Each structure stands twice: as C-alpha cells, then as structure tokens.
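Undergrad: Need coordinates for the below:
(chains A and B)
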Amino acid sequence: VANGLIVGLFVFPLGWMIAGAFKSEGDLLSPDPVWFFVPVLDHWRFIFENWAVADHLLNSIVVSVATTLTTLTLGFPAAYGLSRFPLWRKDAVLFDILSLKMIPPIASAVPLFILAKQTGLYNTHLVLIAFNTAFQLPFALLVLKSFIDEIPREIDEAARIDGCGPVGVMWRAILPLSVPGLICCALFVFIFTWNEFLLANVMVGGELRPLPPIVGLALTHRGILWGPALALGVVVIVPVLALSLCLSRYMARGLTFGAVKG
Amino acid sequence: VKSRHRDHWRGAAFVGPAFCYIMLIVIYPLFYSLWASFTNLRLTSPLTSFVGLDTYAQAMSSEIFRDSLLVTALFLVTVVALEFVLGFALAYSFSRMQGTHPVMRALLLLPVMATPVSVGLIWKLMLNSDFGVLSGWSTAFGFGPILWLSDTGLAVLSIVLMDVWQWTPFMFLILLAGLEGLPKEPMESAQVDGANRWQVLTHITIPLMRRIIVIAVVFRLMFAVATFDTVYVLTKGGPARATDLISLFIHREGFVNLNIASASAISFLVLIAVLILTTLLFKRELVDAR
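TA: From the prediction side, this is the model:
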C-alpha cells in the first residue's frame, strides 16, 4: 500500500496536466483545485485551429522516424563489429563512445548552429535528422552491442559453415535474432528524438518546427494561454507515455546504455 | 597472427562509418569551440580577431558566470544526493516485497521518459501561485499562497523539486536492478551470525553494489549537467538569475546575446570538465565491466 502511494505521487502530476487540458478556463484557473469537472474540448479545438498543431505533429513524426531509421542503419553494423571483431584499443573506443554521450548537448549547440548556417542546411528537417542521428548513435551502438553480445557465438559459426562471409553472418544470422534488440533500441531513439528540444528550437523555425519548441513558445510568452498550452503538452507527452509502458522491461538497460541489464 | 590482423580490419570496416560520423558531428564542435574561444567572434559584428585568453579572463571575472557556476554546483550536489537517497530507499523497500507488480514499476518510470518541456509545463502549472494545486493546498491549510516561482530561494527549491520528481525513478530503477542481481547467501549468513538489518545493509549490501552505485551516480550526474529544457520552461533562469544553470547561461550567451566567443569558451570548459569527470569516476568501472 505504501508503495502504491509513492507510485501515485509520481504519476499524479502527469494526470493533473492531462486533466487540466480538458477543464474549462474557469475550472483551470480557479484558486481552489477543481477535482470533478465536466470535460470540454475548447482547448483542443483552439490548438488545432490556431496553432497548426497537426502540421507540427507531422514534423515531429517525420524527424523522429527518419532519425530512428538512419540511426539503426548506421548503428547495427557497427554494433555487430564491436560485438564480434577485435579492434585496436577496443576498450578505449567503447569508453570514447560512452563519454561522447555524456557531453551536454548545449555545449555543442553553438558550433552546430554555425555549421548548419554555413552548409546551408539551416532551417531544414535534414539538419535535425543529421544532428539527432549523431547524438543518438553512441546510445544505439552500446545498447545494440549489449543485445548482440547475448547471441551465442555458435550461431555465427553455423552460418560460417554454411558459407557466409562476415556480412552474410550479420545479415542472415545476427539480424533476425536481433529483432527484439532493434525494436527496443528504435523505441528509445524515437522517444529521445521526439523529446529533443534544444536543437529543434534553434535549428529550424516557423512551420518546420517539431512539437517541443512550440510548447516552449506557448509558455515563455507573457500572458500564457494555459488551456491550449496544457493541451499541447498532452499531445507531446501521450505517445511517449504509451511507448514507455511497452518498454518498461528494457528500461534499465536503455537508460544506462547497456551497462546494467535489468 | 595474419588472420587476427585481418579481423581487426574487418572490425574497423563495420564500426568505421558510424564512428567517423559521430566523430564528425560531435568532435567538430569541440575544436570549433576551442578556436572560437580564442577570438572575439560575435554574430552581430563581421570583424573577428584573435584575442588569446581574453574571453576566458572576461568569463572568469564576470559575476554572472560565477553565480551560474555556483547555482549549477549547488543544483548538481543537491539533486544527485536527494535522488540517490530516495531512489535507494525506494528500491530497497520494493526489493524486500515479494513480486512487485510490473505495472507499478512501469508507471513509476513515466517521469523519466516524459518529454522535458511537458515536465516544465506540469510544474509551472502546479507551482503557480494563483491557481497551482500546491498553493491551493497551502491555502487550504491556512498558510496562504506560496510564491514558488517568484521568490529566489523558493525558485531554486522548485527546480530541485521538479528534478527530484523527474529523476528519482531513474535511480530507483538502476539500484533496484542492482539489488535484485545480488547473491542472497552473504546477507543470509550475516543474519545467521547475528547482524541486524542495518548492519547487513551497510556492511554487505552496499559494498556489493559498489559498481552499480557508481554507474547510477555518474550517469545521473552527467545527465544533470545537461539539464536545460525543464528549467528553461519553468523559470528561464529567474527570478534574478536564481536558477541560472550553466546550460541556460550558454544558451543565452550564444543564442540571445549572439556572443559566440563567450558561449564557446564556456562550452569548452564544460566539455573538458565533463570529460575529465567521466574519465576519473568511470573508466575503471566500465572497463572492468566489459
């Protein structure tokens, strides 16, 4: 019961926001918290009509899906290589990959902004996909490697006896067995990219923006429109919450980049 | 020997493309920051010249920068310590119960994955002094509304509260995985020898969990350095720079004041600090583990 109470404490703020998005202006801004109310859809109508939320939602989907695909395409062969082949100074390489992930994104945001300006990619979805892929790759490498490490070497051996080269082993033997790992990794990369705010805020403007900067904009102006802002917050968060629930089994592994097997 | 050499090349061929791409996008900014930090580059003026260490000297002597460092240090120490203690207590109590419901565990993890801007929004709503639910409760108990976000001390408390809510589940999860992976025998034999629960915890359980505790704390510390979205939405560094974390400081210098040189110098210092800290705290644990 005590643990249930604690879980409730952590879930309550999320529920409070979602409830708020369905409250009328009066209920929402009442000094006494309103617990029972008649749900209204005013704020939802508002954000779709006035803030073009459908377009920004589409931007978020395009950027996140494309980033996930490029990350896995680049990351899977590399993870296979890291798992199965010797490499010069391999420990150092693995450690470098991990420490790169530890660098706060804000520390590279300014140079990347200038790079985007210079290459003419500023204000395109391409630049978001390219940079997000680079930021997600270290994560994908380490997590995928931890999954591939668990596939027995006998599988490689059997494929080799059947006449497969290194690429054949990866493609025919390892890839089919890595599907759960790939799905787990894809969901994490999707969520992280979906949540990403800093790059999305500075690299693209106007109607190309994904959702998170739109929430940021709605909140930093004077005279916040609370109802629509909350509805927007709910639009962003709901897919993430749904996917996280599917991922809970792999959460420990994902959040420590494979260092802890949950 | 020859085939071993060939295997190295094969490994490099598989790892190479991804590794080079990461290096290009992630290492390039490092060198760019280093270069820009020795200049007076500003996006607002076309003339750029080398100024040596002037930018660093200016940053060091700037009160705003020093305040920001101080707030950041205070924030990091407070949240990591609080989240570790709470996360450990929670993990310990969960691990002692037989069969925690997986749904409960999944629900507990939602704050970690939740979109940070939405997290900022949630707390901006709950901490609002006019209609926030926390003020509503304090009024109900006769204390009157609390000015969470407009008082400097309370604003720091607000960002700590938000961060503890968001990240305690992360500590909980990793420490729980650690606790569940421990062998049972050492604890049982200590209990047979007459050790009480507290002694078993401090003398056996915690030493056995050393590696996982280091992983949890270092990961959390490094993610905490990167804290940006949530605080940007909740307080934007205010009031009166009370919550001006280093990430918000860099963002303002670079993207509002367009002072690229200063933003780069500070970015570079943060990069170096993070890399040194990660190496010092973590290299041995990680290499041991693999």
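
Undergrad: For the closest residue to B:Val270 other than its chain neighbours, give me its contacts.
TA: Distances taken as CB to CB, 6 or more residues apart in numbering or on different chains put A:Ala107 closest to B:Val270, at 4.8 Å, once the chain neighbours are dropped. Where C-beta positions appear, they are placed from N, C-alpha and C, glycine not excepted. Counting by CB atoms under 8 Å, 6 or more residues apart in numbering or on different chains, A:Ala107 makes contact with B:Pro29, B:Ser33, B:Ile250, B:Ser267, B:Phe268, B:Val270, B:Leu271, B:Val274.

Undergrad: Just among those residues, which is most surrounded?
TA: Counting by other CB atoms under 10 Å in any protein chain shown, B:Ser267 has the largest number of neighbours within the contacts of A:Ala107, with 31 neighbours.

Undergrad: ok, now how distant is that residue from B:Glu253?
TA: As for B:Ser267, its distance to B:Glu253 is 9 Å (criterion: CB to CB, to the nearest Å).

Undergrad: again with B:Ala265
TA: From B:Ala265 over to B:Glu253 (counting by CB to CB), the distance is 9 Å.

Undergrad: got it, and B:Leu161?
TA: From B:Leu161 to B:Glu253 the distance is 27 Å (CB to CB).

Undergrad: if you count what's nearby, which of these two comes out ahead?
TA: B:Glu253 (23 against 19).

Undergrad: How about the contacts made by the more buried one?
TA: Counting by CB under 8 Å, 6+ apart, B:Glu253 touches B:Asn259, B:Ser262, B:Ala263, B:Ile266.

Undergrad: May I have the phi/psi pair for the first one?
TA: For B:Asn259, the backbone dihedrals (degrees, to the nearest 10) come out as phi -90, psi 90.

Undergrad: wait, it sits on B:Ala36?
TA: No. Between B:Asn259 and B:Ala36 there is no contact, the gap being 10.3 Å when judged by CB atoms under 8 Å.

Undergrad: Between those two, point out the one with more neighbours.
TA: Counted by other CB under 10 Å, B:Asn259 and B:Ala36 do not tie: B:Ala36 has more neighbours, with 24 against 21.

Undergrad: taking the mean pLDDT, what do you get for the helix or strand that contains that one?
TA: B:Ala36 is located in helix B:28-37, with elements delineated by DSSP states H and E. Across helix B:28-37, the average pLDDT comes to 85.

Undergrad: Following the chain onward from it, which element is next?
TA: helix B:54-61.

Undergrad: Could you check the angle that next one makes with helix B:28-37?
TA: 90 degrees (axes from the mean of the first three to the mean of the last three CA atoms, to 10 degrees).

Undergrad: could I have helix B:54-61 exported to CSV, CA atoms only?
TA: Only the C-alpha atoms of helix B:54-61 are listed here, as CSV (Å, rounded to 0.1, in the frame of the first residue of the first chain):
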residue,chain,number,x,y,z
ASP,B,54,40.8,37.4,-23.1
THR,B,55,37.5,35.7,-23.5
TYR,B,56,38.3,33.2,-20.7
ALA,B,57,39.5,36.1,-18.5
GLN,B,58,36.3,38.0,-19.1
ALA,B,59,34.2,35.0,-18.3
MET,B,60,36.1,34.3,-15.1
SER,B,61,35.8,37.8,-13.9
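
Undergrad: what's next to that helix, contact-wise?
TA: By CB under 8 Å, 6+ apart, helix B:54-61 touches B:Ser37, B:Phe38, B:Thr39, B:Asn40, B:Phe65, B:Arg66, B:Ala261, B:Ser262, B:Ser264, B:Ala265, B:Ile266, B:Leu269.
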